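In: Predicted structure and sequence below. I'll ask about it afterward.
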Amino acid sequence: MSERPIGDYAVLSDCRSAALVSGAGSVDWLCFPRFDGPAVFARLLDQDAGHWSIRPVEPAEVSRRYLPGTLVLETTFRTRTGTAVLLDALALGKRERGHAMGKSSPGALLRQITCTYGRMDIAVEYAPRPEFGLIQPVMAPVAGGLIARGGAQALLLSTGLRLHVVESTARGEVTLRDGERLGFALSTAPAWGRGPKPWPGRRIRRRLGDTGAGWRSWSTLHGAYTGPWQEQVRHSGRVLRALTYVPSGAIVAAATTSLPETVGGTRNWDYRYTWVRDASLTLQALATATCKQEKGDFFAFLAQAAATQLERGADLQVMYGIGGEHDLSERVLPHLSGWRGSAPVRVGNGAWRQRQLDVYGELLDAAHQTLPHDVPLDPPVRAFLRQCAEAAAHRWADPDQGIWEGRGPGRPFLHSKLMCWVALDRAIALAPALSAQDRVTDWQRIREQIREAIETQGFNHRTRAFTQAFDSEQLDASALMLPLVGFLPGDDPRVRSTVEMIARQLTDSRGLVRRYLQDDIDDGEGTFLLCTFWLAQALALTGEPARARRVFEGALSHANDVGLLPEEVDTRTGEALGNFPQAFSHIGLINAALAIRAAEAAPEPHVDTGLRPPNE
C-alpha cells in the first residue's frame, strides 16, 4: 500500500488533466487525457499501480518550488558530488497565452533534469500501469524512446536514455556532469491508431519554457488582488485554474479519487467531477482577480449539461462529469489497497443522485457576482437561471441531503434553506438580466417566508446558536455562512453567539474547525480547512480582525511546501487528509483573505461605554 504523505505531493496541470509528483521526484498519479480518466500512474493508491521516478542514486537533500507565476515544478537535489535540477510540467498548447491556456494542450508530461554543479548519478524507473494498475503493458524500444502497449492507449516515453525492461518496468542510470541535461516526454495516442510521435530533446526544452510563459501570462491577467497574503491568494487562483477543464469550462473539486478523510476509513470519494457548488464558489474566488472569461464558460457549460432537467420538474443534479455527463455511477476497484490501506477505492460518485437544495443558491450567487445585472443574458443561460430560482421557490421546504452529502435520510438542513433564500435574493437583483420582473413579487414573498422559518426554527436558544437543521441542537460549521452570504449582519447577537459556539465546540487543539461532531458514517474524520477559513471570514465580519488573522494563519500553516492545501487535517497528527489539492480549501483562503483585508481597513467601531466626563 502507499505510505507517502498526501502533503508530499505537488500538482501539475495542463487544464485538462493532472499529475501528482512526490518530493522524491516520482510521478505517482496521472490521468490521461482527462482529469476523470483512468490513471496511468496510481501508486498514490497502491504500491503496484504505476509510477515514474527520476532521482539521484545517492541520498540527497531536496528542495522544490513552482517557478514564479507558474505551475512548472522545480525540484533541486543536492548530493555530496553535485547539484541537479528537475523541471516537471504538463505541456500547454504551443504559444497559448492568457485565457486560451489549455485549449490545445497536447497531452504530454515533460520532465528535464540538469546537472548544475559537479556531477550526479541519476536513476530512472518507469512503470506505467494503465487503468488504475489493471494493465501491465508490453514495452518495446522504438526510434526516440520506448513504446508501451496494453489496453486502449499506447504510451510513448521519448528519451535518449537507454532503458532496460523487466516485467513491464523500465530502468536506467546515467551520470550527468555540470551543464549536461536529459529530457523526457510521455505522450499517448489511441492503441488502434498510429502511435504518438517522439519528442526530441530540443522540443522538450522549448515547450517547458513555453508552458511556463503560458502560466505567467494567465497569472498576469489574474493579479489584481493586493493586500495580506497576496502571493498565497494569487497562487490559489492558479490552483483553481489548474482544476479547470478548459474544453468545456467545467471545474473539478480535486485532482484525485479516494484519498480518505481518516486513515483506514471508508470516506473515500471520487472528486474528479464538477460540483455545481464548488464550481460556483470557484468562479467567485476567481472574480477576486477581475476574471471575465471563466464565468461565461462555466455558465454555458452548466446550462448545456443541465438542459431540460428543471423544466421537466427534476432537481438540478448536484454534479456532472467534466464533459457534461450525468451518470456518474459509483463502483469499487477491489484490486487497489488504497492510501495507507484506506479501502475501498472508488471511481464515480453516488452523490450525483442526491437532492441538495443549496446548489440553487450557490449558482445564483455566482451569477450575481460575475454576470451583468441590467442586460438580458443569452437565452439558454437566462432560462436556466430563472428555472433555478423557481426550483428554490417551490422546493425550499423539502428535506435533502445537505452540503455535506450525508448518505442517510433527508433532513431540513439549515444551510440548504439559507441557500434557497440566497437563490431568491440574488434572482430578485438579477431580474432584469433574467427578464423576470414579473416574478419579483412572488420571489420576495417566498424569500420572507424562508427568512422567518430560519429565524424561528433554525436558532436554538438553549445552545445559543443556529444549528445544523431545523429544531436541532447539533452544531454545524455551515451556519457560519449566515453572515457570509448577507442573511444577517456580523453584529447580530445571534450571529456572534453562533460564531463563538462553533469556535468553542467544533475546533480542535490546533484551532481548526470540524464540520460537525457526528453523522451517519461512524468512522470519524479530520478538521476541514474550508470551515476554518469560514471561521476566519466570519470573525472578520463580526469585528474581530485580529482573531480572524490568527485563525487564518492557523489554517494556512497546513499548506505544503509548494503552497497546496488539502481538504482536511488529521486531528491527532496534523497530517493532510482527503483528495488533493482541494479546490474548496483554496476558495476559502481567497475569500477569507478578502474579508480580513476589508476588516483591517475599516475604521475602528465606536463603542459607547456609558461613561461621561464629570461636567456632563
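Out: Thanks, I have it. Numbers count the residues shown, from 1 in each chain.
In: what pLDDT does the residue nearest to residue 340 when sequence neighbours are not counted get?
Out: Take residue 340 and drop its neighbours on the chain: the residue closest to it by CB to CB, 6 or more residues apart in numbering is residue 263, 5.3 Å away. (C-beta placed from N, C-alpha, C; glycine too.) As summarised for this prediction, residue 263 has a pLDDT of 92.
In: same thing with residue 609?
Out: Confidence at residue 609, expressed as pLDDT, is 35.
In: Now do the strands in the stretch 1-150 of the chain.
Out: Secondary structure of the stretch 1-150 of the chain, counting by DSSP state E, counting those that start in this stretch: strands at 9-13, 18-22, 26-31, 39-41, 51-56, 61-66, 73-78, 82-90, 108-127, 138-142, 145-150.
In: and the third one, which strands flank it?
Out: For strand 26-31, the paired strands and their directions (DSSP bridges) are strand 18-22 (antiparallel), strand 39-41 (antiparallel), strand 51-56 (antiparallel).
In: Could you single out the most deeply buried of the strands of the stretch 1-150 of the chain?
Out: Among the strands of the stretch 1-150 of the chain, strand 39-41 has the highest mean neighbour count (mean count of other CB atoms under 10 Å), at a mean of 29.
In: For the nearest residue to residue 505 once chain neighbours are set aside, the count of nearby residues, please.
Out: In this structure, residue 505 finds its nearest non-sequential neighbour in residue 475, 5.7 Å apart by CB to CB, 6+ apart. Using other CB atoms under 10 Å, the number of residues around residue 475 comes to 23.
In: Isn't residue 475 up against residue 503?
Out: No. Residue 475 lies out of contact with residue 503 (CB atoms under 8 Å); the separation is 10.5 Å.
In: about what we covered before: quick one, which of the strands of the stretch 1-150 of the chain is nearest to residue 550?
Out: Taking CB to CB, strand 61-66 is the member of the strands of the stretch 1-150 of the chain nearest to residue 550, at 26.8 Å.
In: partners of that closest one, with directions?
Out: Each strand paired with strand 61-66, and its direction, by DSSP bridges: strand 73-78 (antiparallel).
In: can you state the direction angle for the partner strand and strand 82-90?
Out: Calculated by axes from the mean of the first three to the mean of the last three CA atoms, to 10 degrees, strand 73-78 forms an angle of 160 degrees with strand 82-90.
In: Show me where the stretch 301-450 of the chain has its strands.
Out: Counting by DSSP E, counting those that start in this stretch, the strands of the stretch 301-450 of the chain are 319-320, 331-332, 346-347.
In: Put together a markdown table for the ones you listed, with mean neighbour count on each row.
Out: Compiled in a markdown table, the strands of the stretch 301-450 of the chain are given as follows (neighbours: other CB atoms under 10 Å):
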| stretch | mean neighbour count |
| --- | --- |
| strand 319-320 | 25 |
| strand 331-332 | 13 |
| strand 346-347 | 19 |
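In: Let's have these in CSV, adding distance to residue 285 and mean pLDDT.
Out: As requested, the strands of the stretch 301-450 of the chain are exported to CSV (distance: least, CB to CB, whole Å; pLDDT from 0 to 100):
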stretch, distance to residue 285, mean pLDDT
strand 319-320, 19, 92
strand 331-332, 32, 96
strand 346-347, 27, 97
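In: Let me know which of those strands is the nearest to residue 508.
Out: When these are ranked by proximity to residue 508, the top entry is strand 346-347, at 27.2 Å, counting by CB to CB.
In: Excluding its own residues, what touches that closest one? List them.
Out: Residues from elsewhere that reach strand 346-347 (CB atoms under 8 Å, 6 or more residues apart in numbering): 132, 257-258, 268-270, 330-333.
In: what pLDDT does the residue nearest to residue 58 when sequence neighbours are not counted get?
Out: Beyond its immediate neighbours in the sequence, the residue positioned closest to residue 58 (CB to CB, 6+ apart) is residue 79, lying 4.6 Å away. pLDDT, the model's per-residue confidence, is 97 for residue 79.
In: Can you report how many residues neighbour residue 79?
Out: Applying other CB under 10 Å, we find 17 residues neighbouring residue 79.
In: Residue 116 versus that one, what's the distance?
Out: Noted for residue 79: a distance of 12 Å to residue 116, by CB to CB, to the nearest Å.
In: wait, residue 574 sits on residue 566?
Out: No. With contact defined as CB under 8 Å, residue 574 does not reach residue 566; the gap is 10.9 Å.
In: anything in contact with each of these two?
Out: residue 558.
In: just to revisit the earlier point, same list (the strands of the stretch 1-150 of the chain) but as TSV, adding distance to residue 242.
Out: Converted to TSV, the strands of the stretch 1-150 of the chain look like this (distance: least, CB to CB, whole Å):
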stretch	distance to residue 242
strand 9-13	3
strand 18-22	7
strand 26-31	13
strand 39-41	17
strand 51-56	20
strand 61-66	11
strand 73-78	12
strand 82-90	9
strand 108-127	14
strand 138-142	30
strand 145-150	26
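In: Those: which one's closest to residue 497?
Out: Each of the strands of the stretch 1-150 of the chain was checked against residue 497 via CB to CB, and the shortest separation belongs to strand 9-13, namely 39.5 Å.
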